[in-house]
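Trainee: I would like the atomic coordinates for the input below:
(2 chains)
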Amino acid sequence: MPHCTPEDLGLAALREPLDRDSAAHLAGCATCRTDVARLRRAVDVLAVPELADPGPPVAPPPGLWAGIAGATGVVTAPRPDVVAASAPPAGPVPDALPVPMTAPPDASAPDAPLAPVVPLRPRRSRLLPAAAAALVGLGIGAGGVLLTDRGDGDGGVPVAAAALDPLEGSDASGSAEVVEREDGTRVLRVELSADAPAEGYYEAWLLDESVSGLIPLGVVRAGTEDFELPEGLDLGEYPVVDVSVEPLDGDPAHSGVSVARGLLDT
Amino acid sequence: MPAGAAEPDDDEVGRRFAAGDEQALAWAYERYAARVHGMAVRAFGPGPDAEDVTQQVFVSAWTGRAGFRPEQGPLPAWLTGVCRHKIADTWARRDKQRRATEAAIADAQAGPARGSAPVDAAVADRVLLLGELDRLGQPQRGIIELAFFADLTHTQIAERTGLPLGTVKSHIRRTLERLRDRLEVDGAALHA
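Mentor: Modelled structure (predicted):
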């Protein structure tokens, strides 16, 4: 009985059944069995379940894209609803729940990762390229915004203003101004002109110029909205007014999807 | 996103991805991120490791898109290959951390068992052999991937690819010999 063919040795290494004669020979031939064992090591190294072709899809959590955008600098973004719909909802076993736990953004600790969800880079880094681009164009334009006292009875005096320019792919625009009341407290008044987002809601933020710190202000709709500013907030440190679209996902961090932005001229 | 804009088919997304069209990256994410993330979750469970892998796959795929050849296979299959690398790299990184920790403990104890903790041979060999797969041309690579990762027999591979049975068998044999040689020369297990 001749030895197994090299082809048969390969198939045996893959644990495919051989024809009867070859199988019988292999069973009794130490040389061929050694050859199979040497070939099989590669099979055992690579043919493991973890590396197998994709199994059931699992929708990535909504914040994941921000890290990709931050690392690549791309300014396009996938539609969150399309991504969410790309995998069936988790069954009775909640094995695809978005990872719990994001601490709210903490502007006082800019080095702390905002959320363990985005280990590659803090999710806010998504803002960097767009912010840099937006700020370049704003240096002159912002000064042209009229500071007007609305005279709506709160005795406020406008102390800073910004034009909110649409970011790429957005039709949102508007203006923002900081009004100081007689008692020294301040509000940010955002006037937004935008269609309602297809999904989620708009949120207003103040960012620092490097976009490494951000302060959430609250939900904003088309029209005019006032946001109380924290006492002691240095507008020189956080001069960028940003409006983002936030999915209703319970994640307090910035989605990375900004629609309009402007620089306050303080 | 302009409403009603025509959605390109998968081939078109692949071509535009290769050409560096940023919109193609967003489309690829919409279409394939759940497959990639499903693999990552299968390997590490839901959580930061899986999310890190999924992120790295898309970042690497984009920055390394010059290595994607649309004529050699569809984009999702290529992303799957990138994902295998990232999973194996994550295992290797964890193993490195484990060894560093064990070395620190051994140092602290200053016991007789000092010396570096052994590399997890299977982990190191996976990284090695995935790299070797990258060097295979077609159809060899597609054939061995169907055998390894889709668990198809050579008969099923012949049906799937339309290649003659004898061709499939000889490609499998030659690729396994090549991987064996790589392991025996550079593999961790035989050098541990």
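Trainee: in chain B, which helix or strand is least confident?
Mentor: Confidence across the helices and strands of chain B bottoms out at helix B:75-109, with a mean of 90, counting by mean pLDDT, DSSP states H and E.
Trainee: Can you give the distance of that one from its chain's centre?
Mentor: 13 Å (C-alpha atoms, centre = their mean, to the nearest Å).
Trainee: which one's the longest helix in chain A?
Mentor: helix A:30-46 (DSSP state H).
Trainee: Can you check what angle separates that one from helix B:75-109?
Mentor: 90 degrees (axes from the mean of the first three to the mean of the last three C-alpha atoms, to 10 degrees).
Trainee: In helix A:30-46, which residues are buried?
Mentor: A:32, A:35, A:36, A:38, A:39, A:40, A:41, A:42, A:43, A:45, A:46 (16 or more other C-beta atoms under 10 Å in any protein chain shown). Just so you know, the C-beta spots here come from the backbone N, C-alpha and C atoms, and that holds for glycine as well.
Trainee: Which secondary structure elements does it sit against?
Mentor: With contacts taken as 3 or more C-beta pairs under 8 Å, 6 or more residues apart in numbering or on different chains; DSSP states H and E, helix A:30-46 sits against helix A:6-13, helix A:20-28, helix B:121-134, helix B:140-149, helix B:165-186.
Trainee: pull the CA atoms of it into PDB?
Mentor: Extracted as PDB, the C-alpha positions of helix A:30-46 are listed here (Å, rounded to 0.1, in the frame of the first residue of the first chain):
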ATOM      1  CA  ALA A  30       3.200   6.500  11.400                       C
ATOM      2  CA  THR A  31       4.900   8.500   8.700                       C
ATOM      3  CA  CYS A  32       1.700   9.700   7.100                       C
ATOM      4  CA  ARG A  33       0.100  10.400  10.500                       C
ATOM      5  CA  THR A  34       3.100  12.600  11.400                       C
ATOM      6  CA  ASP A  35       2.700  14.400   8.100                       C
ATOM      7  CA  VAL A  36      -1.000  15.100   8.800                       C
ATOM      8  CA  ALA A  37      -0.200  16.300  12.300                       C
ATOM      9  CA  ARG A  38       2.300  18.800  11.000                       C
ATOM     10  CA  LEU A  39      -0.200  20.100   8.500                       C
ATOM     11  CA  ARG A  40      -2.900  20.200  11.000                       C
ATOM     12  CA  ARG A  41      -1.200  22.600  13.300                       C
ATOM     13  CA  ALA A  42      -2.000  25.500  11.000                       C
ATOM     14  CA  VAL A  43      -5.600  24.300  10.800                       C
ATOM     15  CA  ASP A  44      -5.900  24.200  14.600                       C
ATOM     16  CA  VAL A  45      -4.300  27.700  14.900                       C
ATOM     17  CA  LEU A  46      -6.700  29.400  12.500                       C
END
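Trainee: Just confirm residue A:13 contacts residue A:44, I think it does.
Mentor: No. Judged on C-beta atoms under 8 Å, residue A:13 makes no contact with residue A:44 at a distance of 9.3 Å.
Trainee: count of neighbours near residue A:65?
Mentor: Neighbours of residue A:65 under the rule other C-beta atoms under 10 Å in any protein chain shown: 30.
Trainee: so it is in which element?
Mentor: In the assignment (DSSP states H and E), residue A:65 maps to helix A:64-72.
Trainee: Could I get the average pLDDT for that helix?
Mentor: Across helix A:64-72, the average pLDDT comes to 94.
Trainee: do stretch A:79-88 as well
Mentor: 86.
Trainee: For that stretch, what is the distance to the chain centroid?
Mentor: Its chain's average C-alpha position is 14 Å from that of stretch A:79-88, according to C-alpha atoms, centre = their mean.
Trainee: end-to-end on it?
Mentor: 17 Å (C-alpha to C-alpha, to the nearest Å).
Trainee: buried set for that stretch?
Mentor: If you call a residue buried by 16+ other C-beta under 10 Å, then stretch A:79-88 has these buried ones: A:79, A:80, A:82, A:83, A:84, A:86, A:87.
Trainee: swap in stretch A:189-198?
Mentor: By neighbour count on 16+ other C-beta under 10 Å, the buried set for stretch A:189-198 is A:189, A:190, A:192, A:194, A:197.
Trainee: For the first one, which residues count as its bridge partners?
Mentor: Each beta-bridge partner of residue A:189 is listed here: residue A:177, residue A:226, as defined by DSSP bridges.
Trainee: per-residue confidence for residue A:189?
Mentor: Predicted confidence (pLDDT) for residue A:189: 90.
Trainee: before we move on, back to that, quick one: the least confident helix or strand of chain B near chain A?
Mentor: Yes. Contact of helix B:75-109 with chain A (C-beta under 8 Å from any C-beta of the partner chain) involves B:80, B:84, B:87, B:88.
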